[in-house]
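In: Make a model of this:
(chains A, B, C and D)
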Number of protein chains: 2
Amino acid sequence: MVRLLFPGSKLGPVTSIPLRPEPTPAAAERSDAARNRERLLLAARELIADCGTEGLTMDRLAERAGVGKGTVFRRFGSRAGLMLTLLNDSEADFQARFMFGPPPLGPGASGLERLIAFGAERIAYVVEFGDLVLAAENASRGRFEVPAAALWLRHIEVLLRDEGFDADPWLMAGSLSAALDPERLLDLVRRHGVPPERLVDSWRDLVTRVVAAA
Amino acid sequence: MVRLLFPGSKLGPVTSIPLRPEPTPAAAERSDAARNRERLLLAARELIADCGTEGLTMDRLAERAGVGKGTVFRRFGSRAGLMLTLLNDSEADFQARFMFGPPPLGPGASGLERLIAFGAERIAYVVEFGDLVLAAENASRGRFEVPAAALWLRHIEVLLRDEGFDADPWLMAGSLSAALDPERLLDLVRRHGVPPERLVDSWRDLVTRVVAAA
DNA sequence: AGACTAAACGGACCATGGTCCGTTTATTAT
DNA sequence: ATAATAAACGGACCATGGTCCGTTTAGTCT
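Out: Below is the predicted model:
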């Protein structure tokens, strides 16, 4: 658990679940470590801007940032961890919007409306950050241990319950969540040329049917 | 398209979509190539039996089979290709059963019954061949290009249409298919200890709801 | 049998993610 | 200021999937 600024708000820090958990949030970071972290993140963004996500290798990143390779791995744990870190801000923003933002995504709308909006936003998010999300998916032990994924799941589950869904909402939330799998969405958009709006339509249809029979 | 024996049937060869497409089905295999393929498959099964799927590396496999590493890759293309080949028989069997076998999996039952049975069988399949399926998933360009996957998708789509589902059955088939994703299923079974029957129940609930509103 | 050719072979080689451990350095206590 | 210490550093090293290309060989044609 880490405190992040709620972007564009005067309300001050809000609690958010980071995409990647910080190892030791208690101890303050040593100055050289902080400097290298900045250098690395900068270099990573430049590298991605120049050569795309594919072009970012850990060796190149280390060289470009002027640090040793070991430093890169101590900081981010793995390539996927780096990508997760790169996505952290936008992910925190997304979380804030579906947890505290205005309806229909945030509280105030019905469970179904919020489910629909959630899918639509997630689809937009995946389409926007495509390669990054894909590169972040290969986390060490499966993509299901990412803390943020657990949050989305729980969110969907709660919305299902709101709609009176009683039969194993946790598993159903997982099934719905699977329909938003980034690899699938990007395959549909990129290889099959499916327009995102059509994905949103299909998602709406899916959740509507699932909730309707409740 | 390759001809495979319909297992346990007197009906002779039936058409089946292989898990992994053969590069040049026309040209006959040279004798040394055939011998090496046998050696490799044997060695692969032994290695997996001894050290598990993780323990099978391409170098070790080559050494154990007594062939060069290049031979391994020419034969199977990639590690995932090898796993796909190892799964080919059971996959052909699965295909035969849902396409031509007895109801409720095969023709003769309603679309909904067949959908439910399909999911149940798929779950059992994934649980049985867990590691192999997982290792086969990292196919070159995503797990959506595997020909067999296209067949399952099409199957689900047809069954949806049978049930009068009109709104974008192809995308809906994909969403349902995503709920059967092996990585998810195995994560649920292994990490969360969810019994397969509960997965089947949830799948039944899902497809019933999707089809009900049609 | 001998020559010819296309296919198969093999293993050195490469790229890349990730680990290890001896060395350096920021920080803190005295 | 100096010493002590825990953290950070860096780059050699490893494992593994995958490629390349010069060499060998099975099958065929005469």
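In: From DNA strand D, how far off is the residue minimising distance to the centre of chain A?
Out: Most central in chain A under Cα atoms, centre = their mean is A:Glu91, positioned 4.7 Å from the mean C-alpha point. Here the distance between A:Glu91 and DNA strand D works out to 24 Å (Cβ to the nearest atom of the strand, to the nearest Å). Backbone N, C-alpha and C define where each C-beta goes, glycine included.
In: right, is the one helix or strand that residue maps to up against chain B?
Out: Using DSSP states H and E, A:Glu91 sits in helix A:79-100. No - using Cβ under 8 Å from any Cβ of the partner chain, helix A:79-100 stays clear of chain B, with a minimum separation of 14.2 Å.
In: Flag every residue of chain A that's near chain B.
Out: A:142-144, A:167-168, A:171-172, A:174-175, A:178-179, A:181, A:183-184, A:187-188, A:191, A:194, A:198-199, A:201-203, A:205-206, A:208-210, A:212-213.
In: and A:Val210, how many neighbours?
Out: For A:Val210, the neighbour count with other Cβ atoms under 10 Å in any protein chain shown is 23.
In: tell me the pLDDT at it?
Out: pLDDT for A:Val210: 96.
In: hang on, the earlier thing: out of the residues of chain A next to chain B, which end up buried?
Out: Listed as buried from these are A:142-144, A:168, A:171-172, A:174-175, A:178-179, A:181, A:183-184, A:187-188, A:194, A:199, A:202-203, A:205-206, A:209-210; burial here means 16 or more other Cβ atoms under 10 Å in any protein chain shown.
In: Out of the residues you listed, list just those in helices.
Out: Among those, the members falling in helices (DSSP state H) are A:171-172, A:174-175, A:178-179, A:183-184, A:199, A:202-203, A:205-206, A:209-210.
In: Can you tell me which of those is nearest B:Leu151?
Out: Nearest to B:Leu151 among those, counting by Cβ to Cβ, is A:Arg184 at 16.9 Å.
In: Hmm, that closest one is touching B:Phe144, no?
Out: Yes - here A:Arg184 reaches B:Phe144: they are 7.2 Å apart, a contact under Cβ atoms under 8 Å.
In: Distance of the residue nearest to the centre of chain A relative to B:Leu188?
Out: 24 Å (Cβ to Cβ, to the nearest Å).
In: Tell me the residues of chain A that contact DNA strand D?
Out: A:27, A:29-30, A:32-33, A:35-36, A:66-71, A:73-75 (Cβ under 7 Å from any atom of the strand).
In: and if we set it to 10 Å?
Out: Applying Cβ under 10 Å from any atom of the strand, we find that chain A lies next to DNA strand D at A:23-24, A:27-37, A:39-40, A:58-59, A:62-63, A:65-75.
In: Derive a ChimeraX selection command for the buried subset of the residues you listed.
Out: Buried residues among the residues of chain A next to DNA strand D (16+ other Cβ under 10 Å), as a ChimeraX selection:
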select /A:36,37,39,40,62,65,67,71,72,75
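In: among the residues of chain A next to DNA strand D, which are within reach of DNA strand C?
Out: Okay, of the residues of chain A next to DNA strand D touching DNA strand C (Cβ under 10 Å from any atom of the strand), that's A:27-35, A:58-59, A:62, A:68-74.
In: Among those, name the ones in helices.
Out: Short answer: these in helices (DSSP H) are A:31-35, A:58-59, A:62, A:69-74.
In: the domain parsing of chain A - what is it?
Out: Listed domain ranges for chain A are A:30-77, A:86-214 (source: automatic domain parsing).
In: how about the ones you listed, which one is nearest B:Leu159?
Out: Proximity to B:Leu159, assessed across the domains of chain A by Cβ to Cβ, is greatest for domain A:86-214 (15.4 Å).
In: The residue nearest to the centre of chain A against A:Ala148, yeah?
Out: Yes - between A:Glu91 and A:Ala148 there is a contact at 5.8 Å, judged by Cβ under 8 Å.
In: Report the separation between the nearest residue to A:Ala136 once chain neighbours are set aside and B:Ala117.
Out: Nearest non-adjacent residue to A:Ala136, counting by Cβ to Cβ, 6 or more residues apart in numbering or on different chains: A:Met83, 3.7 Å away. Per Cβ to Cβ, A:Met83 is found 40 Å from B:Ala117.
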